[in-house]
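[1] sequence and predicted model, in that order:
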Amino acid sequence: MNEPPHVSAGAIRGEESSPTRRPSRRTLLAAVAASAATAVPLLSSTATASPARHPGQDLLYIGTWGRDQVHAIRFDPVHGTMDPLGAVAEVSSNWVTVHPNRPVLYVAGAEPGGYIRTFRIDDASGALRKTGEIETEAVPGGSGGLSYIGLSRDADTLLVADFATGAAATVPVRPDGELGTVASSVQNTGSGPNPRQAGPHTHHVVIDPSRRFALVADFGADRVFIRDYDRATHQLSDGGRSHATAPGSGPRRLAFHPNRRSVYLLNELTADIEVLQWDARQGSLAPRQLLTTNAPGHTGTTSAAELAVSEDGRHVYTSNRGDNTLVVFSAHPTTGLLAEAQRLPCGGVTPWSFSLHPGGRWLFVANKASATVNLFRVDPRSGHLTDTGTAVDIPDPDCVSVRRAHH
């Protein structure tokens, strides 16, 4: 959840601009809380693209940090074009994720209470219609809100990382994509030496391939907590297991290799990536490899942000907000061990997150400080990325989720 100093889009383009002081997170949250209750969907009157959607075109939904909006882009995966649709909902959007089979978008808020809102997607126009809202915190926590929401492989459970309270929660997903009531919430404990690690701060939750455990990356506790997971009840429980990372590392993102035995852990504060061995019988992690994502001779801010594994498991992608780079690693098919394969500029400033297109040929980067979503081409064989030069202006983008075209 680290936020490096803001750089205006005007400054990126070489325009004159006077320094501005960003409001504090607490100030932003106060405004968010006041507006969230009245959030309503809309199709922006400033949308620059035609509402008609051509067959084969996907929709991208983008959360905006502190802007209380969700934006949409129409994407053509054949020609690699992006057409902005503008703001399609006025709602706090720390993180957004699309259901893989239903026209439903889930939006995680920043305000206390741990709010998650559901929206029905109009595939023809990209417009959103709010259909539900739940509160995931029994007792609202401090500033920061939710840091991540994602779906289980079966898409029947929504996994919730609550940065503010240091809890991990689960919510059943009905067959139509709508949410049930909160099934479980498990509290993390611990702290780290960094001033931002005074207490637990959950940053990511993933289910292991056996679907018996949930791995919870906690930024504040310098730990990956290993929770028992019951598929039938959608519940997490505390199994008393965890993996300790280096003090002050700030675990942020987790991803499994398709070999089901290797886990990648990206640490925010030390900007390194760990390869861990996963034992599904014991529900345990063991360290195997540690590599930096920083450039040689790196100075200044150290901050890694996003992590993804290609579908075939041959390539691992990371973003580094201190260097404003994307770093590609090749992965050994059997051991999962990594070797750096490519390092390149992210196309903007502060690559908060990115998403691989399900087709495997494209990668979308949410460059928060430069206020752009940038498109990169993926070479499926080498895994290398190429900046297409295509970008869409989006205010403070924090994540991108893809709604595939359905025929």
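    Arrived safely. For clarity, every value in this text was computed on a predicted model and none was experimentally measured.
[2] which SSE is residue 276 in?
    Here residue 276 sits within strand 272-279, counting by DSSP states H and E.
[3] which helices and strands sit right next to that strand?
    Counting by 3 or more C-beta pairs under 8 Å, 6 or more residues apart in numbering; DSSP states H and E, the packing neighbours recorded for strand 272-279 are strand 262-267, strand 284-292, strand 304-309. Using the backbone N, CA and C atoms, a C-beta is placed for each residue, glycine as well.
[4] of the ones you listed, which stretch is the most buried?
    strand 262-267 (a mean of 25; mean count of other C-beta atoms under 10 Å).
[5] note down every partner strand of that one and its orientation.
    strand 251-256 (antiparallel), strand 272-279 (antiparallel) (DSSP bridges).
[6] got the contact list for the shortest one?
    Where contact means C-beta atoms under 8 Å, 6 or more residues apart in numbering, the residues beyond strand 251-256 that reach it are 203-204, 206, 208-209, 215, 217-219, 222-224, 245, 262-268, 278, 304-309, 316.
[7] the inter-axis angle of it versus strand 284-292?
    Per axes from the mean of the first three to the mean of the last three C-alpha atoms, to 10 degrees, the angle that strand 251-256 makes with strand 284-292 is 110 degrees.
[8] as a check, name the ranges of all strands in the stretch 1-150 of the chain.
    Listed in chain order, the strands of the stretch 1-150 of the chain (DSSP state E, counting those that start in this stretch) span 58-64, 70-76, 81-89, 95-98, 104-108, 115-121, 128-135, 146-151.
[9] and the second one, C-alpha only, in PDB?
    It stands for strand 70-76. Presented in PDB, the C-alpha positions along strand 70-76 are these (Å, rounded to 0.1, in the frame of the first residue of the first chain):
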ATOM      1  CA  VAL A  70     -14.100   2.900 -11.700                       C
ATOM      2  CA  HIS A  71     -13.100   3.500 -15.300                       C
ATOM      3  CA  ALA A  72     -13.600   1.300 -18.300                       C
ATOM      4  CA  ILE A  73     -11.700   0.700 -21.500                       C
ATOM      5  CA  ARG A  74     -12.800  -1.200 -24.600                       C
ATOM      6  CA  PHE A  75      -9.900  -3.400 -25.700                       C
ATOM      7  CA  ASP A  76      -9.400  -5.100 -29.100                       C
END
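[10] which of the residues in that strand are buried?
    Within strand 70-76, the residues that count as buried by 16 or more other C-beta atoms under 10 Å are 70-75.
[11] again, but for the longest one
    Within strand 81-89, the residues that qualify as buried are 82-89, counting by 16+ other C-beta under 10 Å.
[12] tell me the mean pLDDT over that strand?
    For strand 81-89, mean pLDDT rounds to 98.
[13] equivalent analysis for the first one, please.
    Per-residue pLDDT over strand 58-64 has a mean of 98.
[14] the second one now?
    For strand 70-76, mean pLDDT is 98.
[15] what's the answer for the last one, then?
    The predicted model assigns strand 146-151 a mean pLDDT of 97.
[16] and the angle from the next helix or strand along the chain from that strand to strand 115-121?
    Next along the chain after strand 146-151, taking DSSP H and E as the criterion, comes strand 157-162. Strand 157-162 and strand 115-121 meet at an angle of 140 degrees, taking the same axes, to 10 degrees as the criterion.
[17] may I see the buried residues of the very next helix or strand once past strand 157-162?
    Using DSSP H and E, the helix or strand that follows strand 157-162 in sequence is strand 167-172. For strand 167-172, the neighbour count (16+ other C-beta under 10 Å) marks 167-172 as buried.
[18] do the same with stretch 238-249
    Within stretch 238-249, the residues that count as buried by 16+ other C-beta under 10 Å are 239, 242-243, 245-246, 249.
[19] what is the end-to-end distance of it?
    End-to-end distance for stretch 238-249, by C-alpha to C-alpha, to the nearest Å: 23 Å.
[20] which residues are in contact with it?
    When contacts are defined by C-beta under 8 Å, 6+ apart, stretch 238-249 is touched by residues 186, 192-194, 197, 213, 222-228, 251, 265, 267-270, 272, 274, 276, 283-285.
[21] centre of the chain to the strand or helix carrying residue 341, how far?
    Assessed by DSSP H and E, residue 341 sits inside strand 338-345. Taking C-alpha atoms, centre = their mean, to the nearest Å, one finds strand 338-345 lying 21 Å from the centre of the chain it belongs to.
[22] so which elements touch that strand?
    Short answer (3+ C-beta pairs under 8 Å, 6+ apart): strand 338-345 packs on strand 284-292, strand 325-331, strand 385-393.
[23] need these in JSON lines (columns: distance to residue 160).
    Below are the helices and strands packed on strand 338-345 laid out as JSON lines (distance: least, C-beta to C-beta, whole Å):
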{"stretch": "strand 284-292", "distance to residue 160": "22"}
{"stretch": "strand 325-331", "distance to residue 160": "27"}
{"stretch": "strand 385-393", "distance to residue 160": "28"}
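[24] JSON lines for these, including mean pLDDT and distance to residue 120?
    Below are these laid out as JSON lines (pLDDT from 0 to 100; distance: least, C-beta to C-beta, whole Å):
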{"stretch": "strand 284-292", "mean pLDDT": "98", "distance to residue 120": "39"}
{"stretch": "strand 325-331", "mean pLDDT": "98", "distance to residue 120": "33"}
{"stretch": "strand 385-393", "mean pLDDT": "98", "distance to residue 120": "23"}
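[25] closest one to residue 176 among these?
    Closest to residue 176 of the helices and strands packed on strand 338-345, according to C-beta to C-beta: strand 385-393, at 30.7 Å.
[26] and the next helix or strand after that closest one, which strands flank it?
    The helix or strand immediately downstream of strand 385-393 is strand 397-403, counting by DSSP H and E. The strands that strand 397-403 pairs with in its sheet are strand 58-64 (antiparallel) (by DSSP bridges).
[27] contacts for the strand it pairs with?
    With contact meaning C-beta under 8 Å, 6+ apart, strand 58-64 is reached by 53, 70-77, 82, 88, 93-96, 98, 105, 107-108, 121, 123, 126, 357, 364, 366, 373, 394-405.
[28] ok, back up a step: output the strand holding residue 341 as PDB, restricted to C-alpha atoms.
    Coordinates of each C-alpha in strand 338-345 appear next as PDB, following Å, rounded to 0.1, in the frame of the first residue of the first chain:
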ATOM      1  CA  LEU A 338      14.200 -18.000 -11.600                       C
ATOM      2  CA  ALA A 339      16.700 -16.100 -13.700                       C
ATOM      3  CA  GLU A 340      16.300 -12.500 -14.800                       C
ATOM      4  CA  ALA A 341      15.400 -12.300 -18.500                       C
ATOM      5  CA  GLN A 342      14.400  -8.700 -19.100                       C
ATOM      6  CA  ARG A 343      14.200  -5.300 -17.400                       C
ATOM      7  CA  LEU A 344      12.500  -2.400 -19.100                       C
ATOM      8  CA  PRO A 345      10.700   0.900 -18.300                       C
END
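[29] this completes my enquiry, with thanks.
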